[in-house]
Every structure is written in structure tokens, then in C-alpha cells.
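# Everything below, folded, please.
(one chain, ligands or ions: 2)
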Amino acid sequence: MAKIGFIGMGNMGTAIMRGLLKTYKPEELLFTSAHEAKMQKITEETGVAHVSTATDCAEQVKYLVLAVKPQVLPTVFKELNGKIRKDQVVISIAAGYAIADLQAGLGDSARIVRSMPNTPAMVGEGMSGVSYDEALFTDEEKDVIDGFFTSFGKMEKVDEKLMDVVGSASGCSPAYVYMFIEALADGCVKNGLPRQAAYKMVAQAVLGSAKMVLETGKHPGELKDMVCSPGGTTIEGLAALEENGFRGAIIKACDANFEKNKKLKG
Ligand SMILES: NC(=O)C1=CN([C@@H]2O[C@H](COP(=O)(O)OP(=O)(O)OC[C@H]3O[C@@H](n4cnc5c(N)ncnc54)[C@H](O)[C@@H]3O)[C@@H](O)[C@H]2O)C=CC1
Ligand SMILES: O=C(O)[C@@H]1CCC=N1
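Ligands and ions are numbered 1, 2, ... in the order given. Alright, predicted model coming up:
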């Protein structure tokens, strides 16, 4: 019998499954999604079997991952309501759905883990904010839950009331970073650097800078100051960014994420 089943196998489902396949055998996983031809292709590529309905998937697994768009969750709830077993663990990655909302859709006794991962899961460098009531799960289940998230990156347990904020830090943030990489590369291309060299150099600079934050423990401002030689080139660039509202734009983007979470429930 499969252990972990996915309802929804799109961007995030495939990213997470790829991570899990480093730890789990294909026979331990199962999924269902919307299009038979796409499911067939994923099964051929990964060796993971699929079934046609959410009910079939739920019936066959202990850990059930909800990986459909928030707008699709009401349909899935209709199909699954009352069918979630007491021994089952439901892992949601949906934006905007609180544990109480998921229980309202699946049944009050459903034991839910709410999470917010991100697409770098695809390369084993995901970041997931995770929230669940520790008292509801056995030690073995907690090991599986934590192992699930660490199979494709890092995890941080957070209070559920912070999960909407976590969306900006984990779920949404790669999009901002890609936009930054694209813009910085464009700036380099404008001044003559070949495009492919620009992407490679900028992406490596982002990777290295992130590592500096994680590994030195230094404040990002201190690391920034180390780059800015007095009267040098970097401080000129920083002044231009400040003039153009760089920090304010990012803070506003986080506010926009936060507000949108409240409007996703179907
Ligand atoms: N894309 C991202 O970066 C992140 C997304 N999320 C959350 O992950 C969830 C999935 O997002 P994505 O993977 O980006 O969406 P997606 O649209 O790429 O994947 C959803 C999958 O669900 C399938 N589907 C549609 N209706 C279905 C149904 N009735 N039964 C079974 N499968 C069905 C679709 O065919 C598709 O393969 C969302 O709730 C989103 O909030 C969380 C973190 C990051
Ligand atoms: O854009 C979204 O709503 C999803 C959740 C976080 C990242 N992607």
C-alpha cells in the first residue's frame, strides 16, 4: 500500500514528489490529478502510480497531500468530506486556507498539517513554513511529516497565525528573486555583458549572498556594508535603488500577498 498520496500534480506536486523520491520508493507514493494524459506521462517518468479520483487516492494512503489550487479545494472537499479517516494525516500546501477552513471542508476530526513550501523544492532547496498541532500526532507521524518537508529542502515550524505571512517568505519569494535576477541581468546586458554570462553570474551571486546570510549569521545590512567601498561603485547603485523605492516596493509586495490570502477561499 502506498504511504503518501497527492491530490493535484502540478508545479508544486511534481516539485515535492521529486524530492520525496530521494527517500521513498515509487511504490510508496501515489497521486491523482486532472488530466489522464499528463498523469500517464508523470507515471512513466517517475514510476509513481496514479488513480483517477481523489477518493481513490485518499482511500489508499495514510498521508494525503492537498496540492490543488485553492480555487479547486471546494470541489475536492465535496468529494472527500466524511471520507478522511481518523488515522490519516492531511498535509495542505494551499495558500489562504487555515486549518479550521480545511476542517470545515473535510470534517472536524481531520488531522491537518498546514504548510507553505516553494518551487525550489524541485532542486532540493525548498523552504517550507509548517504548522500543526503537535498534540494531535504521534511521534512516528511527526517524524514522517518533518521528513516529508526536509526531503525537498528546509522547514521551519511556525504558529498558524503566521502562515499567511510565511507565504511572502517561502511560497511567493522565489518569484521576486527571479524578477530581481532578470532585471539585474538586463542591466548587465545593457552595459555589454552577454546574456547567458549575466544570468550565470547573477544567479551565482544570489546563491552566494544567500549562503552568506545563512552561514555567517551576520545581519544583512552588515553584509551589504562590506560590499560598499567608500566612494565606490556599489554605493552609487544602492543610492539609485533607494531613490527608486526598492525596499518600499518589496514591503508593499508582502502586504499584497498577505491581503490576497484572505480572498482565496472558495
Ligand atoms: N506554485 C507555487 O509556487 C506554490 C504553490 N502553492 C500552493 O500549491 C497549490 C498548487 O499550486 P500549483 O502546483 O502551483 O498549481 P498547479 O495548477 O500547477 O497544480 C494543480 C494541479 O491540480 C490538478 N487539478 C485540478 N483540479 C483537480 C481536481 N479536481 N482533482 C485533482 N487534481 C486537480 C491540475 O491538473 C494541476 O496539475 C496551491 O494551493 C498553491 O496555493 C504553495 C507554495 C508555492
Ligand atoms: O501565488 C500563489 O498563490 C502560490 C502560493 C505561494 C506561491 N504561489
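# Relative to the whole chain's centre, how far out is stretch 164-180?
Here the centre of mass of C-alpha atoms in stretch 164-180, compared against the chain's by CA atoms, centre = their mean, to the nearest Å, lies 9 Å away.
# And Gly232, its phi and psi?
phi -90, psi -160 (degrees, to the nearest 10).
# Look up how far Met226 lies from it.
12 Å (CB to CB, to the nearest Å). For glycine as for every other residue, the C-beta is placed from the backbone atoms N, C-alpha and C.
# State the three-state secondary structure for Val130.
strand (DSSP: H, G, I helix; E, B strand; the rest coil).
# Check what pLDDT it gets.
Per-residue confidence at Val130 stands at 98 (pLDDT).
# Next: Leu20.
In this model, Leu20 carries a pLDDT of 92.
# Next: Gly245.
Looking at Gly245, the pLDDT reads 98.
# I'd like to know how many residues surround it.
11 (other CB atoms under 10 Å).
# now Glu215
For Glu215, using other CB under 10 Å, the count is 8.
# need the contact list for Gly105.
Leu73, Pro74, Val76, Phe77, Leu80, Asn81 (CB atoms under 8 Å, 6 or more residues apart in numbering).
# tell me the SS of the first one?
Looking back up the chat, that one is Leu73. helix.
# contacting residues around it?
By CB under 8 Å, 6+ apart, the contact set of Leu73 is Leu66, Ala94, Tyr97, Gly105, Gly266.
# out of those, who has the most neighbours?
Counting by other CB under 10 Å, top hit in the contacts of Leu73: Leu66 with 28 neighbours.
# Ignoring the adjacent residues along the chain, who's closest to it?
In this structure, Leu66 finds its nearest non-sequential neighbour in Ser92, 4.5 Å apart by CB to CB, 6 or more residues apart in numbering.
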